[in-house]
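J.: Pasting a predicted model and its sequence here:
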Amino acid sequence: MTIALERGRTDVADRVVERLAARAVTEVAGVGGSAHRVLGVAVGDQEAVQVTARVTGDRAELDVRLSVVYPESVAATTSRVRAHLVARTEELTGLVVSKVDITVTELRTATARHRRVE
């Protein structure tokens, strides 16, 4: 038993991991939020990246919903997101990230992110 274990235990709530991970995703170039969908059709403005976390003991599993900015490679972008999420979540929480599932909900053009209001 280590000294740290003798002093007590630290539990990190699922919601805390979700917020940290959602923030970490925004640190990766070429990624946007997940569009709200009704009957499979994107409606309204882009929402934030959506993350669901399941923490069990010292391990976390993440489900992420995001968009990729066109013409970025979906495969390369999601690979960067996955690696970054594992590193940042482990760094910030001390949890081991055992799984990161990513759903790309939309391809967005760079101009769609910066709409003009007249």
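T.: Happy to help now that I have it.
J.: which parts of the longest helix anywhere in the chain are buried?
T.: Criterion DSSP state H: the longest helix present in the chain is helix 74-93. Buried residues in helix 74-93, defined by neighbour count with 16 or more other CB atoms under 10 Å: 77-78, 80-82, 84-86, 88-89, 93. Yep, even glycine has a C-beta here, placed from its N, CA and C like the rest.
J.: so which of those residues comes closest to Gly30?
T.: Nearest to Gly30 among those is Thr77, at 4.8 Å by CB to CB.
J.: how near is that closest one to Thr103?
T.: Distance of Thr77 to Thr103, given as CB to CB, to the nearest Å: 13 Å.
J.: and what of Gln50?
T.: Gln50 is 9 Å from Thr103, by CB to CB.
J.: Could you do Gly8 as well?
T.: From Gly8 to Thr103 the distance is 37 Å (CB to CB).
J.: same question, Val28
T.: For Val28 relative to Thr103 (CB to CB), the value is 16 Å.
J.: Looking at the two, which is more packed in?
T.: The residue with more neighbours, out of Val28 and Thr103, is Val28; 18 against 11, by other CB atoms under 10 Å.
J.: A strand includes the more buried one, no?
T.: No - per DSSP: H, G, I helix; E, B strand; the rest coil, Val28 lies outside any strand segment and is coil.
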